[in-house]
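Chemist: Output the structure for:
(one chain, ligands or ions: 1)
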Amino acid sequence: MKPAPFGYHRATSVEDAANLLSELDDAKILAGGQSLIPLMNFRLSTPAHLIDISNLPELNEIRVDDRSVTIGAAVTHTTLLKTSQVASELPLLVDAEKLIAHEVIRNRGTVCGSLAHADPAGEMTAVIRVLNGAVRTSSVEGERVIQAVDLFEGPLQSSLTETEIIVEAIFPKLGRNSASSFREVARRHGDYAVAGAVSVVDYDNARSIESARTAFLSVGPVPILISFDELLVDAKTSDLGHDEIYEFVSSQLNPQNDIHASADYRRHLAAELAWESLKACV
Ligand SMILES: Cc1cc2nc3c(=O)[nH]c(=O)nc-3n(C[C@H](O)[C@H](O)[C@H](O)COP(=O)(O)OP(=O)(O)OC[C@H]3O[C@@H](n4cnc5c(N)ncnc54)[C@H](O)[C@@H]3O)c2cc1C
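Modeler: Sure, this is the predicted structure:
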């Protein structure tokens, strides 16, 4: 299949991209093209114009400071995966990247593109949700920060306006007394997950749990966050019980049947994966 005809515009700066996005009718941002181009090839998306931001040096940066890892909109999955400072400062990002697609796709697909695409099966949507991260956007109207909790509105639907560009994603780092773990089941390595769970557990100095939460992918219209604080706060790590976690998660998830799995199987998988990922944090 070939896409419908479209105009191609290579942006020369973020400002140029924002101006083009506001001036041109029916325009879309092109980052790695790994989600958009297949949709266009199947004519499921037929934008009149694409504005390519993939070559902008100002968007191709990863910054690490005391509080967060900030990833520019042109940074690919592969670049993130190969940045050793990210592996040491926020290894959860690398754990997630290893599960995303195949090398060829990771070489072009971008982290921010995944977030803008808002696929509830995307690993990065769950990671930014569990870390309570955010994206910084730019448009002709100005800049704003959108918290992860407010970014995802439905399958492939984000709260970005039509003229807004994600310029960077901000992933808060975990403290020394925190642990994280990512578990998912996919039919083949690199496929989108049938279900996945990414957990973060925070401890106090006596190794009692202060807070625990899991974000789920592929079990709802958006990445879903469940807090275990009411079950686990002040529990010693050895108190973590499979059945309690399983029931707690199962009662809160409402996945749908689809061609890949029944709702019941997905719910079961998600509850088991939550247990496994929490257990791996202790
Ligand atoms: C076979 C296959 C398997 C895959 N498997 C997985 C997987 O297992 N897990 C996973 O998470 N992903 C998977 N992907 C998707 C991949 O991770 C993409 O890289 C990602 O979803 C989109 O990033 P992109 O840079 O390619 O975005 P594009 O395809 O360029 O854009 C996607 C959408 O986001 C918009 N957009 C992109 N960047 C911005 C921005 N900065 N600001 C505003 N809007 C923007 C575009 O306009 C478009 O609507 C897979 C893709 C393929 C083809």
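
Chemist: List the residue ranges of the stretch 101-250 of the chain that fall below the pLDDT cut-off.
Modeler: 233-239 (pLDDT under 70).

Chemist: Return the residues of it in contact with the ligand.
Modeler: When proximity is defined by C-beta under 6 Å from any ligand atom, the stretch 101-250 of the chain lies next to the ligand at 101, 105, 109-110, 112-114, 116-117, 122-124, 160, 165-166, 192. The C-beta positions use only the backbone N, C-alpha and C, and glycine is treated the same way.

Chemist: Repeat the analysis, applying 8 Å as the threshold.
Modeler: Proximity of the stretch 101-250 of the chain to the ligand (C-beta under 8 Å from any ligand atom) is limited to residues 101-102, 105-106, 108-119, 121-125, 137, 156, 160, 164-167, 186, 190-193.

Chemist: Please work out which residue of the chain is closest to the ligand.
Modeler: Distance from the ligand to each residue of the chain (C-beta to the nearest ligand atom) is smallest for residue 109, at 1.9 Å.

Chemist: next one: phi and psi at that residue?
Modeler: Backbone geometry at residue 109, expressed as degrees, to the nearest 10, gives phi -70, psi 150.

Chemist: Repeat that for the one 5 residues further on.
Modeler: Listed backbone geometry of residue 114 is phi -60, psi -40, with angles given as degrees, to the nearest 10.

Chemist: Thought residue 120 was touching it, still the case?
Modeler: No. The pair residue 114 / residue 120 is not scored as a contact, 11.3 Å apart, by C-beta atoms under 8 Å.

Chemist: Tell me which of these two has more neighbours.
Modeler: Ranked by neighbour count (other C-beta atoms under 10 Å), residue 114 and residue 120 place residue 114 first, with 25 against 21.

Chemist: residue contacts, that one?
Modeler: 35, 77, 100, 122-125 (C-beta atoms under 8 Å, 6 or more residues apart in numbering).

Chemist: Buried only: go through these for me.
Modeler: The neighbour-count test (16 or more other C-beta atoms under 10 Å) applied to these identifies 35, 77, 100, 122-125 as buried.

Chemist: What's the end-to-end length of stretch 160-168?
Modeler: Terminal residues of stretch 160-168 are spaced 13 Å apart (C-alpha to C-alpha, to the nearest Å).

Chemist: So for it, what gets flagged as buried?
Modeler: Buried, per 16+ other C-beta under 10 Å, within stretch 160-168: 160, 163-168.

Chemist: Ok, stretch 144-155 next?
Modeler: 146, 148, 151-152.

Chemist: All the helices of this protein, in order from the start?
Modeler: 14-23, 36-41, 77-81, 84-89, 91-97, 103-108, 111-117, 123-130, 148-151, 229-232, 242-250, 263-280 (DSSP state H).

Chemist: Just put those helices in TSV and tack on distance to residue 212.
Modeler: Below are the helices of the chain laid out as TSV (distance: least, C-beta to C-beta, whole Å):
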stretch	distance to residue 212
helix 14-23	38
helix 36-41	36
helix 77-81	26
helix 84-89	22
helix 91-97	14
helix 103-108	30
helix 111-117	24
helix 123-130	10
helix 148-151	18
helix 229-232	5
helix 242-250	9
helix 263-280	6
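
Chemist: Nearest to residue 214 among those helices would be which one?
Modeler: helix 263-280 (4.8 Å; C-beta to C-beta).

Chemist: got the angle for the closest one vs helix 123-130?
Modeler: Regarding helix 263-280 and helix 123-130, their directions subtend 60 degrees when assessed with axes from the mean of the first three to the mean of the last three C-alpha atoms, to 10 degrees.

Chemist: Determine the set of other helices and strands touching helix 263-280.
Modeler: Contact here means 3 or more C-beta pairs under 8 Å, 6 or more residues apart in numbering; DSSP states H and E; on that basis helix 263-280 packs against strand 178-185, strand 195-203, strand 209-217, helix 242-250.

Chemist: Just send these back as JSON lines, with mean neighbour count too.
Modeler: Below are the helices and strands packed on helix 263-280 laid out as JSON lines (neighbours: other C-beta atoms under 10 Å):
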{"stretch": "strand 178-185", "mean neighbour count": "21"}
{"stretch": "strand 195-203", "mean neighbour count": "25"}
{"stretch": "strand 209-217", "mean neighbour count": "24"}
{"stretch": "helix 242-250", "mean neighbour count": "16"}
